[in-house]
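>>> have a look; sequence and predicted model below, questions after that.
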Amino acid sequence: MLLTLALLTTLHAAPATDTIPARWQITGDVAGNPVKAICVIKQEGTALTGNCSDATNTPLPLTGESKDGKITFQYVVDYQGQPLTVVYSGTLGSPPEIKGTIEVKPMGAMGTFTATPAPAKP
């Protein structure tokens, strides 16, 4: 009985391997255009929610998933009156870092990005 209780306590205290920090600084490139954003990501189970702010500092709601070290999230941005969905797909590394691809839909433009934990807000 004590062994079972000790094992359950240890398993309950073990950190989740897919847990990601809350604020990410994203840099990248899509078809020669620089990408810079700060994303605040909340994780509940495998689901991701939060928002990203680009150069306009307008928070854009995001949704996504983190599962088995793979991270995918997206948000919609207005580009000259046209809604574009920016999709990030990457792999969570250690120390915390996400590297992967960016796809801009429906244009089909592709690029790459790196995300690192962002410094706390001043």
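It's in. Please read these numbers as outputs of a predicted model, since none were measured by experiment. Numbers count the residues shown, from 1 in each chain.
>>> for the rest of this, base every contact and every neighbour count on C-alpha atoms.
Will do.
>>> residues in contact with the most centrally placed residue in the chain?
Ranked by distance to the mean C-alpha position of the chain (Cα atoms, centre = their mean), the top residue is residue 73 at 5.7 Å. When contacts are counted by Cα atoms under 8 Å, 6 or more residues apart in numbering, residue 73 touches 48, 62-65, 87-89.
>>> with distance to residue 41, neighbour count and pLDDT added, can I get these in TSV?
Shown next, in TSV, are the contacts of residue 73 (distance: Cα to Cα, whole Å; neighbours: other Cα atoms under 10 Å; pLDDT from 0 to 100):
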residue	distance to residue 41	neighbour count	pLDDT
48	6	21	96
62	8	20	97
63	9	17	97
64	9	20	97
65	11	18	96
87	14	19	98
88	13	22	98
89	14	21	98
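>>> circling back: helix or strand for the residue nearest to the centre of the chain, which one?
Using DSSP states H and E, residue 73 maps to strand 70-79.
>>> buried residues in that strand?
70-77 (16 or more other Cα atoms under 10 Å).
>>> from the residues you listed, which is closest to residue 103?
residue 74 (9.4 Å; Cα to Cα).
>>> surely the closest one is in contact with residue 52?
No: if you go by Cα atoms under 8 Å, residue 74 and residue 52 don't touch, sitting 9.3 Å apart.
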